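Visitor: quick one, what's the 3D model for this:
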Amino acid sequence: MVECIRFRSALPFDENVKEEFISEVWGGAIDRWRGNIAPDIETRIELEIATFEQVEGYMAYLNFVWRVVIESNYFLIPHRTLAHASAVCYALGITEVDPIRLGLDFNRFMQTDKPRFAAIGLATNATALQIQKDIMNLDFNEDRERLGERELDDKAPALTIYPSQRTAQLLGYFSDKVNFDYIPFDDRETFYTLLRSNDLTGVYGCNDGTVLQEYLQQVKPQFEDLIPLCTASIIDYPTNHIYTSRKYGIAWEPRFTPDIEMILSETCGDILYNEQVYAIAELVGYTPSEAEEFRKVLSKRKKQEYNNHRHRFSKHKGLFRKLINEGSWSLPKARVAEFARLVYTTAYLKTHFPQEFTQTALCVAASNEC
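Guide: Reported below is the predicted structural model:
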């Protein structure tokens, strides 16, 4: 069982605090997008704020998570969360992948038609004892005595923190040497490491010589390509070898309407992401929350419920069968985007700090085995 600690905020959150918090969101957005908040980004942030406000206590919860992230004295990374799909979380520095650039669907994090509490998880290099001490004693002025109520109910709106997480330990070592916000995601040497290195010790997802490197060796990837490649590697998708050949020159035969083919084009005709299942379902008339329920039917292979949905795809021959065969294995793109970021970031560190990285990776591995 993975150890975790759950905290819920006891901080006051009146209208004045809320106004200041929203101002921080927009200030963070200006920093994240280098002063260029395009209309689509502005619209997305406004949509997210309006959606969060529909869930009682959620803005206060986000404020608490943000304060923990910016004021804690140990290294934190997002963990087991779909918050990567949120432009607000990215603007606040809670997550580290640009959801606009990567086309991450906010409805995967919180359905706009039926919003409900969406939890956020963080991993840290700190121990459980350090977390309890530091969260309880962060400089929150007169409120610090009330901060960090332990929340034992798994369904409660709590911030989940995973102590002594291996990747957080590894990255934490370099936190005073590297500004992770400014790592270039087009570094040729880093991709060369992923493509050619015989030793990927410490590189996230590649420690045991996984098939991910086999796929990378077949292509000349950009960072965006790592996301579907990581997805294919994780689920051992039976047609993932076809993905790489399709991506680089071999066209696939269109089978469906142009709008559906547009959704599939991102992964060259295959369904790899939960978000693709949602988008297809919404095209045939599902609401976002209904699309989520349909995705659960597929992922849990509830065959007895298939007929409740099959008729809604009757105008698209073969589409429902494709959803069953491929959509049932799909993963959240928002979560795999963070996986890909960690693959790239650790490969970048191994490339540019080879001795320090390898020594630290071995030390971290040894400490976790003790």
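
Visitor: low pLDDT regions in the stretch 201-350 of the chain?
Guide: Scanning the stretch 201-350 of the chain with the threshold set as pLDDT under 70 gives 207-221, 237-252.

Visitor: same question, the stretch 1-150 of the chain
Guide: Applying pLDDT under 70 to the stretch 1-150 of the chain flags the ranges 1-2, 10, 136-150.

Visitor: which SS class is L122?
Guide: Assigned with DSSP: H, G, I helix; E, B strand; the rest coil, L122 falls in the strand class.

Visitor: hang on, it packs against Y162?
Guide: Yes. L122 lies in contact with Y162 (CB atoms under 8 Å); the separation is 7.2 Å. In short, each C-beta sits where N, CA and C put it, glycine included.

Visitor: ok, those two, which is more surrounded?
Guide: Set L122 next to Y162 and count neighbours by other CB atoms under 10 Å: L122 wins out with 25 against 20.

Visitor: so what sits against both of L122 and Y162?
Guide: Residues touching both L122 and Y162 (CB atoms under 8 Å, 6 or more residues apart in numbering) are H79.

Visitor: now the longest helix along the chain, how far from the centre of its chain.
Guide: Longest helix in the chain by number of residues (criterion: DSSP state H): helix 333-352. Remark: helix 333-352 is offset 11 Å from the chain centroid, using CA atoms, centre = their mean, to the nearest Å.

Visitor: what's downstream of it, the next helix or strand?
Guide: Remark: after helix 333-352, the chain's next helix or strand is helix 354-369, criterion DSSP states H and E.

Visitor: sec struct for Y286, please.
Guide: Of the three states, Y286 takes coil under three-state DSSP.

Visitor: check which helix or strand the nearest residue to it once chain neighbours are set aside maps to.
Guide: With CB to CB, 6 or more residues apart in numbering as the measure, F294 is the residue that lies nearest to Y286, at 6.2 Å, once sequence neighbours are left out. Per DSSP H and E, F294 falls inside helix 288-299.

Visitor: which residues of the stretch 201-350 of the chain fall in helices?
Guide: Using DSSP state H, counting those that start in this stretch, the helices assigned to the stretch 201-350 of the chain run over residues 212-216, 223-235, 240-247, 258-265, 274-283, 288-299, 307-310, 319-325, 333-352.

Visitor: so which elements touch the fourth one?
Guide: Put plainly, it is helix 258-265. Judged by 3 or more CB pairs under 8 Å, 6 or more residues apart in numbering; DSSP states H and E, the packing partners of helix 258-265 are helix 274-283.

Visitor: just the last one next, same as before
Guide: On a contact count with 3+ CB pairs under 8 Å, 6+ apart, helix 333-352 meets helix 166-173, helix 188-196, helix 223-235, helix 274-283, helix 354-369.

Visitor: D199 and K350, how far apart?
Guide: D199 sits 9 Å away from K350, going by CB to CB, to the nearest Å.

Visitor: give the intersection of the neighbour lists for those two.
Guide: T358.

Visitor: which stretch of helix or strand covers T160?
Guide: T160 belongs to strand 159-162, assigned by DSSP H and E.

Visitor: strand partners (parallel or antiparallel) of that strand?
Guide: If you go by DSSP bridges, strand 159-162 pairs up with strand 5-8 (antiparallel), strand 121-124 (parallel).

Visitor: next helix or strand past the first one?
Guide: The reference is to strand 5-8. Past strand 5-8, the next helix or strand by DSSP H and E is helix 15-32.

Visitor: what number of residues lie near R166?
Guide: R166 has 17 nearby residues by other CB under 10 Å.

Visitor: does it touch L362 like I think?
Guide: No. At 11.8 Å, R166 does not count as touching L362 under the criterion of CB under 8 Å.

Visitor: and N274, how close does it get to R188?
Guide: 32 Å.

Visitor: so which bits of the helix holding F294 are buried?
Guide: Under the neighbour-count criterion of 16 or more other CB atoms under 10 Å, helix 288-299 has 288, 290-292, 294-295, 297-298 buried.

Visitor: which SSE is W66 in?
Guide: For W66, the enclosing helix or strand under DSSP H and E is helix 58-71.

Visitor: parallel or antiparallel, list what pairs with the helix or strand just after that helix.
Guide: Beyond helix 58-71 on the C-terminal side, the first helix or strand identified by DSSP H and E is strand 76-78. The strands that strand 76-78 pairs with in its sheet are strand 121-124 (antiparallel) (by DSSP bridges).

Visitor: can you name the residues in contact with the strand it pairs with?
Guide: 4, 65, 68-69, 72, 74-81, 131, 159-165, 167-168, 172.

Visitor: helices and strands around the following helix or strand past that strand, which ones?
Guide: Using DSSP H and E, the helix or strand that directly follows strand 121-124 along the chain is helix 128-136. With contacts defined as 3+ CB pairs under 8 Å, 6+ apart, helix 128-136 has these neighbours: strand 5-8.

Visitor: rewinding a little: buried residues in the helix holding W66, which are they?
Guide: 58-69.

Visitor: centre of the chain versus stretch 275-293, how much separation?
Guide: Relative to the centre of its chain, stretch 275-293 is centred 20 Å away, using CA atoms, centre = their mean.

Visitor: swap in stretch 100-117?
Guide: 12 Å.

Visitor: buried residues in stretch 79-89?
Guide: Buried-residue list, stretch 79-89, by 16+ other CB under 10 Å: 79, 81-89.

Visitor: apologies, that question was intended for stretch 190-205.
Guide: Applying a neighbour-count criterion of 16+ other CB under 10 Å, one finds 190-191, 193-194, 197, 200, 202-205 buried in stretch 190-205.

Visitor: for stretch 351-361, same thing?
Guide: 351-353, 357, 360-361.

Visitor: can I get those in JSON lines with distance to Y182 and pLDDT?
Guide: JSON lines is the format used below for these (distance: CB to CB, whole Å; pLDDT from 0 to 100):
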{"residue": "T351", "distance to Y182": "16", "pLDDT": "93"}
{"residue": "H352", "distance to Y182": "13", "pLDDT": "94"}
{"residue": "F353", "distance to Y182": "15", "pLDDT": "95"}
{"residue": "F357", "distance to Y182": "18", "pLDDT": "94"}
{"residue": "T360", "distance to Y182": "21", "pLDDT": "92"}
{"residue": "A361", "distance to Y182": "22", "pLDDT": "89"}
